[in-house]
Every structure is written in structure tokens, then in C-alpha cells.
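Participant: sequence and computational prediction follow.
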Protein chains: 2
Amino acid sequence: MLDSIEMSRPEAEALLRIGVVGRVALCTEDGPHVVPVNYSVVDDQILLRTTSYSALGRLARGNLVAFEVDHLDLEQHHGWSVVVRGRAEVVSDPAELDHIEAVWPPRPWAGGNRPLVIRIPWSEVTGRTLGRGWDPQAQAAYRRTLAT
Amino acid sequence: MLDSIEMSRPEAEALLRIGVVGRVALCTEDGPHVVPVNYSVVDDQILLRTTSYSALGRLARGNLVAFEVDHLDLEQHHGWSVVVRGRAEVVSDPAELDHIEAVWPPRPWAGGNRPLVIRIPWSEVTGRTLGRGWDPQAQAAYRRTLAT
């Protein structure tokens, strides 16, 4: 386990809003699964786009999930990690889908039709800096610049 | 969800053996949790070092966990991800601890006494390349070089 210092909720939320790629963990009868995803943030929720037959489409909807973003600097031996926990839901309301499309639609790196929009409202947000002291947001801003 | 192509088991294992930092997902009564960790690999198992009072020390031992490593290139919009699933166990046998120490002891970035060694034998290993085609191992070798 990495040495960690808890960050404030505003700091954790700022890092979530700057991120591009995260990992969804979900529990099934045969234990936990982890799926890497592109994501976006609209209001206080994580948004993902997938297909109904994917692991995420089949297993996440309606269930408690954990969503993690991090940046780990292997050279400097430090980093940060933010985890959101909440119940994943399919977004089906047309007005809400329009709002998401207008603000910041999730854009998977993959092509193909991915009609299912899943939201993870963040009922719980925790963040930690890992390793020696540094400025997590300076590094995170670089990530967003690269990805857009 | 990222577009993904399944990799062979030898390719997935090679990437695990080259990695430095991963994420452990575990299931609790209040849903899944994710914890970033330094790790090492000895034989066919992931090894972590932690304290008995950490989330990992309290929740992972004896339980099914998923362990994920990835490399996601934000600029190129591609990457890879490998997931191991298995039952986490505390290593307490002195001969086995000596063997781990001799081969490749897990080295947390954090200081402090972390006496608990946890292993995740990989009963299931799956790997995927994400986004457009490229060579996962070329990138991974760079990670190991940086970290040692």
C-alpha cells in the first residue's frame, strides 16, 4: 500500500473534473471486477458511455460501484488517487441526455455505437496524495490538455 | 468503456511482471473499494506489503480480490490493462518470506514498518489492449526502468 495523505473534498473533486480515464470496480457473485473507462463529469456525477452487452453495461447498472482515477509518477515515486463510490444508473431521460451532450459528453477512445450512458453520482468522494509531497493539480492539468 | 482486444495469457503475465503500481479492488458489505498499491511478482503471484490496520490489511486477507495494472497513453488514446483475480492471503511461512525477499521483495514507496505481506495467486489473468494498435511491452519496459 502506498503512503497516503487524505486530501480535501474540493481538491478531490477538482482532480476528478480534470481526469480523462478511470477504472470502475464492481462486485459480482464471483468477486470484484475492474474495467478501465473513459469518462466525463457533468454536475456531481461521473459519466460513461458503453454498450448494453459489455461487462459494464451488464454488471454496473443499478449496483454500487467504486470509480478510481489516479496519477502515479514512477520516476518520482509519488502520485495521487481519487475514489468515488455510488450507485451506477443508466441515464434515459432525454432532457438529461441533452444536458450531458451540451456540457461535456463522454467520449470513448473507441469507435462504434455505444448508446448506453451510465452515471455514477458521487455520494462519497475521497482522495489521497501518495508518496512524497507535491502538487497533484499541476500534473492533472497536463493530463486534460493532452487528452482534448 | 475502452475499445479492447484480448491479449494472450503469456503477454498479460509479461506485463504483470514488468509493472510497478497497480490497484486492488475488493468487495465489502457496503460495495466495492479500490486501493492503489506498489507490488512485486514472485512465481505466479502478486505480492503487496502493508500494515494490518490498513484497508488492505483488514479487508483483503482471505477474500477474493481483483488486481489491475494498466498503462494509458492520454496523448495517443491507447493503452493496455491486465487484471488478475484471486483470493488474497497473508504470507506467514518463514521459508516463503525468505524466498520472496531473495527474488523480488515488494517495496512500497512509503516509509514506515509494513510487516504484512499479502499474496494474490493469479488463478485468473486477463489482459486487453485499448484503443488503436501498438506494442504494449515496449511501453511497459520503460515503466520498470523508471521505477528501479
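Facilitator: Happy to help now that I have it. Residues are numbered from 1 along each chain as shown, chains lettered A, B, ... in the order given.

Participant: from here on, contacts and neighbour counts on C-alpha atoms
Facilitator: Noted.

Participant: A:Asp70 is in what secondary structure piece?
Facilitator: strand A:64-73 (DSSP states H and E).

Participant: need the contact partners of that strand.
Facilitator: A:16, A:19, A:21-27, A:78-88, A:120, A:140, B:21, B:30-34 (Cα atoms under 8 Å, 6 or more residues apart in numbering or on different chains).

Participant: cool, and stretch A:38-45?
Facilitator: Against stretch A:38-45 from outside (Cα under 8 Å, 6+ apart): A:16-17, A:19-22, A:46-49, A:100, A:103-109, A:119-122, B:1-2.

Participant: one step back: list the neighbouring strands of the strand holding A:Asp70 plus their orientation.
Facilitator: Within its sheet, strand A:64-73 is paired with strand A:21-28 (antiparallel), strand A:78-87 (antiparallel), according to DSSP bridges.

Participant: quick one, which of the ones you listed gets closest to A:Asp93.
Facilitator: With Cα to Cα as the criterion, A:Asp93 lies closest to strand A:78-87 of the strands paired with strand A:64-73, at 17.2 Å.

Participant: low-confidence ranges, chain A, go.
Facilitator: A:1-3, A:109-112, A:132-135, A:137-148 (pLDDT under 70).

Participant: could you state which residue of it sits nearest its centroid?
Facilitator: Centroid-nearest residue in chain A, with Cα atoms, centre = their mean: A:Gly22, separated by 4.5 Å.

Participant: quick one, what contacts that residue?
Facilitator: Per Cα under 8 Å, 6+ apart, neighbours of A:Gly22: A:36-39, A:67-70.

Participant: sort out which one of those residues lies nearest chain B for me.
Facilitator: Of all the contacts of A:Gly22, chain B sits closest to A:Val37, with 4.3 Å by Cα to the nearest Cα.

Participant: surely A:Ala95 is within a helix?
Facilitator: Yes: under DSSP: H, G, I helix; E, B strand; the rest coil, A:Ala95 sits within a helix.

Participant: what is the burial count for it?
Facilitator: 10 (other Cα atoms under 10 Å in any protein chain shown).

Participant: same check, this time on the one 5 residues further on
Facilitator: Applying the criterion other Cα under 10 Å, we find 19 residues in the vicinity of A:Ile100.

Participant: and if you look at A:Leu16?
Facilitator: Neighbour number of A:Leu16 under other Cα under 10 Å is 28.

Participant: in which helix or strand does it reside?
Facilitator: Counting by DSSP H and E, A:Leu16 is part of helix A:9-18.

Participant: the strand holding A:Asp70 to helix A:9-18, inter-axis angle?
Facilitator: 80 degrees (axes from the mean of the first three to the mean of the last three Cα atoms, to 10 degrees).

Participant: residues contacting A:Leu48?
Facilitator: By Cα under 8 Å, 6+ apart, the neighbours of A:Leu48 are A:37-40, A:106, A:117-119, B:1.

Participant: tell me which element it falls in.
Facilitator: Assigned by DSSP H and E, A:Leu48 falls in strand A:45-50.

Participant: can you list the strands that that strand pairs with?
Facilitator: strand A:40-42 (antiparallel), strand A:116-121 (antiparallel).

Participant: any chance of those strands in CSV, plus mean neighbour count?
Facilitator: Putting these into CSV (neighbours: other Cα atoms under 10 Å in any protein chain shown) gives the following:
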stretch, mean neighbour count
strand A:40-42, 22
strand A:116-121, 22
